[in-house]
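A.B. asks: Sequence and computational prediction follow.
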Amino acid sequence: MRLFAIALIAAALVATAAHAGPEPRLDCRADTTSPTQHPTVGIWFGGDLANWEPPGCTGWTARPLAVLVETHGDTALTGTPTDILTRLGSISDLTTIRYWSTTRDRWRQLIPNASALSDPDPAKLRPDFDAAELRAGPTFFWQEENTPLNAVTYRMDVRVIDARTVVVAINNALPARAALFASVAPGHHEFLYRFERRDNGTWSLYGLMRSGSGPQLIARAGRKSYGNRAVALFRYLAGERTDCAAPLFP
């Protein structure tokens, strides 16, 4: 047990040294990058952002966090805002997402099972949502994850949709079961995704994940895992194969 603790602390220190970026963006917008490159990824932990307050573009309130992960960049995604909503509503397709597992040294399925729900009850499965249903929202879906949270029931809200912008907020609607630490309270594991249409017809994508679950030391030790999962989700929403390039955090 003592050796395990020492190894965990060492991993945490490496993770801290590897992260040297500024605070998250204040405008929830994506910088221009090449469509086929990795997105820009920032990872922070609670102690890194002691005085950070969520910017107004997130709609979040200030509260303690264990980890915050930001992704942003251009994509090759084209189509209309309705096409983006259709992709977001295809809950069953989440099972196609693969991420690079640093502990297993291979590509792994991120979400083994997922289904749309008629309401927050995980037993009330239904077919995927269409764009009109997401517009009318909120909608609910359930997924089994290869993460410490195991199984989660999420609420998804479309906050903004117009010709050039789509903003979607997602958070856990029910307490989430978590390995190694107490369950996560509703709304304490959340995502924000902002799609912005460029002049050339493609879309940029900004993503932000905040979780208040878990001890700081364990969170820091999982830095690479957080990063690889975030990249996989970014690629999926961008319409790309999620295992199409070398892992950002090998």
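C.D. replies: Right, received. Where do you want to start?
A.B. asks: Surely P64 is in contact with R210?
C.D. replies: No: under the criterion of C-beta atoms under 8 Å, P64 is not in contact with R210, lying 10.3 Å apart. C-beta here means a position set from N, CA and C on the backbone, and glycine is covered the same way.
A.B. asks: of these two, who's got more company?
C.D. replies: Neighbour tally, P64 and R210, criterion other C-beta atoms under 10 Å: the higher count belongs to R210, 23 against 8.
A.B. asks: contacting residues for R25?
C.D. replies: P55, E70, H72, Y206 (C-beta atoms under 8 Å, 6 or more residues apart in numbering).
A.B. asks: would you say it is within a helix?
C.D. replies: No: counting by DSSP: H, G, I helix; E, B strand; the rest coil, R25 falls outside a helix, being coil.
A.B. asks: separation between it and T147?
C.D. replies: With distances defined as C-beta to C-beta, to the nearest Å, the gap from R25 to T147 amounts to 24 Å.
A.B. asks: Then L68?
C.D. replies: 16 Å.
A.B. asks: Downstream of the least confident helix or strand in the chain by mean pLDDT, the next helix or strand is which one?
C.D. replies: Counting by mean pLDDT, DSSP states H and E, the chain has its least confident helix or strand at helix 2-18, which shows a mean of 35. Along the chain past helix 2-18, the next helix or strand (assigned with DSSP states H and E) turns out to be strand 40-45.
A.B. asks: what's the following helix or strand after that next one?
C.D. replies: Past strand 40-45, further along toward the C-terminus, the next helix or strand under DSSP H and E is strand 67-74.
A.B. asks: Let me see the mean pLDDT of that following strand.
C.D. replies: On average, the pLDDT along strand 67-74 is 94.
A.B. asks: and what of stretch 38-50?
C.D. replies: For stretch 38-50, the per-residue pLDDT values average out at 88.
A.B. asks: what's the answer for stretch 93-100, then?
C.D. replies: Predicted confidence along stretch 93-100 averages 97 (mean pLDDT).
A.B. asks: And that stretch, what's buried?
C.D. replies: Neighbour-count burial for stretch 93-100, with 16 or more other C-beta atoms under 10 Å as criterion, is recorded at L94, T95, I97, R98, Y99, W100.
A.B. asks: All set now, cheers.
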